[in-house]
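**Student:** This is a predicted model, with the sequence first.
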Amino acid sequence: MDTRYNPTQRASRTALAVLAAAVLVTGAAWHQVTAQSATPKAAATVTTPITHAIAGGRDSYADVVSAAAPAVVTIHAQGKARVSPTQFDGQGPEDLMRRFFGDQFGQRGQRGPRQFAPRQRALGSGVIITTDGYILTNNHVVDGADEIKVELTDDRSFSAKLVGSDKPSDLALLKVNASNLHPIALGNSEAVKVGDIVLAVGNPLGVGQTVTMGIISAKGRSTSVGEGGYEDFLQTDAPINHGNSGGALVNTRGELVGINSQILSNSDGNIGIGFAIPVNMAKNVMEQLRTKGKVTRAQLGVTVQGVTSEMAESLGLKQPTGAIVGSVASGSAAEHAGVKRGDVIQSFNGQPVHDTNTLRNRVAEAGPGSTAELVVLRDGSEKRLSVTLDEANPEKSARASDDQAGTDDNTALGVSVAPLTPELAARAKASKGAHGLFVEDVNPDGRAAAAGIQPGDIIQEVNRQAVRSVDDLRSALKKSGNKPTLVLINRQGNDLFLTVRPFNG
């Protein structure tokens, strides 16, 4: 029997570890209090304790909890196991990123082959959103479940119907037929600031509803764990653990600002890095699930990458912000609008684009068929473009529409290159219509290696100039002089911008 993964034993050990840690922390706190109380009265430097609240502060959040806690429920989901026990090995403690299901998989005592799929049980949390019984939770809490039960804080229990789910955002919408529900007030995650105090409410480790406190540690985080990349997490240090999934992250007014979704941990417990789905994104997903049972998103039809400090210097940007276009899909909304490879998208519908996540999420939420205004930086000048967005197709990735189509030479970059032939293009798995110079070898001490250029890459452009021969490459590099050089390469069918620093840089 494979004993490498036993969720029930792990959950028990985790619970014991949490309790042990709590004892240690409490003991340390008690020791400090005792030491302070033993301070001689004659110590003239002892400051009189503050007897009034610090300006803007408070000594209790009981009113916040009273307002928010009744809206947070415990979710029990079960269904046929969709994977075998050995397939869970990759989700063990060695993984840094994990979703905190709080799963209690009943797979103990298996003896020999089974003729039926074992039942999978999951424990999570959810948030009541409306008086008529709509509840938000994480998709991973209820994914694959054929039976879902919801427990309220007043000890009532109801069967829940799955209205719809959305894997890219890791959200799901449930519905219960119940009265006297207490929906939570919805906040505005755009207004949340780093440093704001927040409370996490959920059922960690199945111990019962628990409230913890922390701050917003960061905004706009992406963990690259979700399917589809629609991530814009709020990061918090409010302690959250297995079972908190789908629970509420609320501000000091008791308003929902996020749905707890993931933790970063090198063990089974919390280390102060948790992630919540912003409520503004959740509201958009919820409304679509409620009205049509699925979520549709818009797309531009481009591949983009973030602007680094080196790129910003090369492009003449004051700050390394925006999203630089690596390729434009043929027939896409972006192509029709006139977006070009190398454009730096700086704003979308009047809202600044800080990075690729910002752009992707703003475009997705705008909706298919909607018209938006883009501000792009091209050759040092701003251009305004109007674009009618397409519906995103997750099964397809953007393909470059550029159809621009030698001898061995060791260039000033520190690479050996050759003209691109059909054979070399096939070897490089280049996209259709790729052109340029095939990188055969890279000097490990050269500028190209430092920039990340690898053997097998295809150099297509240098500072926005097409490169088709060694002479083209030399000429473009010479024009760059002693400044950072922006190089467009194609790596296994994907366009990528890299910045090559000068020799003294």
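**Tutor:** Arrived safely, thanks for sending. Numbering: from 1, shown residues only.

**Student:** Restricting to C-alpha, output stretch 206-225 in PDB.
**Tutor:** In PDB, the C-alpha atoms belonging to stretch 206-225 read as follows (Å, rounded to 0.1, in the frame of the first residue of the first chain):
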ATOM      1  CA  GLY A 206     -12.300  22.000  11.000                       C
ATOM      2  CA  VAL A 207     -12.000  23.400  14.500                       C
ATOM      3  CA  GLY A 208     -15.000  25.700  13.900                       C
ATOM      4  CA  GLN A 209     -15.400  29.300  12.800                       C
ATOM      5  CA  THR A 210     -12.300  31.200  13.600                       C
ATOM      6  CA  VAL A 211     -11.300  34.900  13.100                       C
ATOM      7  CA  THR A 212      -7.700  36.000  12.600                       C
ATOM      8  CA  MET A 213      -6.300  39.400  12.000                       C
ATOM      9  CA  GLY A 214      -3.500  40.900   9.800                       C
ATOM     10  CA  ILE A 215      -2.900  43.500   7.200                       C
ATOM     11  CA  ILE A 216      -2.900  43.700   3.400                       C
ATOM     12  CA  SER A 217       0.700  42.900   2.600                       C
ATOM     13  CA  ALA A 218       0.600  43.500  -1.100                       C
ATOM     14  CA  LYS A 219      -1.800  43.900  -4.100                       C
ATOM     15  CA  GLY A 220      -1.800  42.500  -7.600                       C
ATOM     16  CA  ARG A 221      -0.100  39.300  -6.700                       C
ATOM     17  CA  SER A 222       0.100  36.300  -9.100                       C
ATOM     18  CA  THR A 223       1.000  32.800  -8.000                       C
ATOM     19  CA  SER A 224       0.800  31.100 -11.500                       C
ATOM     20  CA  VAL A 225      -1.100  28.300  -9.900                       C
END
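
**Student:** What are the buried residues along that stretch?
**Tutor:** For stretch 206-225, a neighbour-count test (16 or more other C-beta atoms under 10 Å) marks 209-214, 216-217, 219, 221-223, 225 as buried. Any C-beta I mention is one placed from the backbone N, CA and C, and that applies to glycine too.

**Student:** same question, stretch 429-438
**Tutor:** Buried-residue list, stretch 429-438, by 16+ other C-beta under 10 Å: 430-431, 434-438.

**Student:** what do you get for stretch 305-325?
**Tutor:** Residues of stretch 305-325 classed as buried: 305-307, 310-315, 317, 320-325 (neighbour count, 16+ other C-beta under 10 Å).

**Student:** what's the offset of the helix or strand containing residue 261 from the middle of its chain?
**Tutor:** Residue 261 is located in strand 255-264, with elements delineated by DSSP states H and E. Centroid separation for strand 255-264 versus its chain: 12 Å, with C-alpha atoms, centre = their mean, to the nearest Å.

**Student:** Let me know the next secondary structure element after that strand.
**Tutor:** Using DSSP H and E, the next helix or strand after strand 255-264 towards the C-terminus is strand 274-278.

**Student:** tell me what that next one is packed against?
**Tutor:** Counting contacts by 3 or more C-beta pairs under 8 Å, 6 or more residues apart in numbering; DSSP states H and E, strand 274-278 is packed against strand 233-236, strand 255-264.

**Student:** Reformat these as JSON lines; add distance to residue 485, mean pLDDT and mean neighbour count.
**Tutor:** Listed next are these as JSON lines, based on distance: least, C-beta to C-beta, whole Å; pLDDT from 0 to 100; neighbours: other C-beta atoms under 10 Å:
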{"stretch": "strand 233-236", "distance to residue 485": "34", "mean pLDDT": "92", "mean neighbour count": "25"}
{"stretch": "strand 255-264", "distance to residue 485": "36", "mean pLDDT": "90", "mean neighbour count": "26"}
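
**Student:** TSV for those strands, including distance to residue 329?
**Tutor:** TSV is the format used below for the helices and strands packed on strand 274-278 (distance: least, C-beta to C-beta, whole Å):
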stretch	distance to residue 329
strand 233-236	27
strand 255-264	30
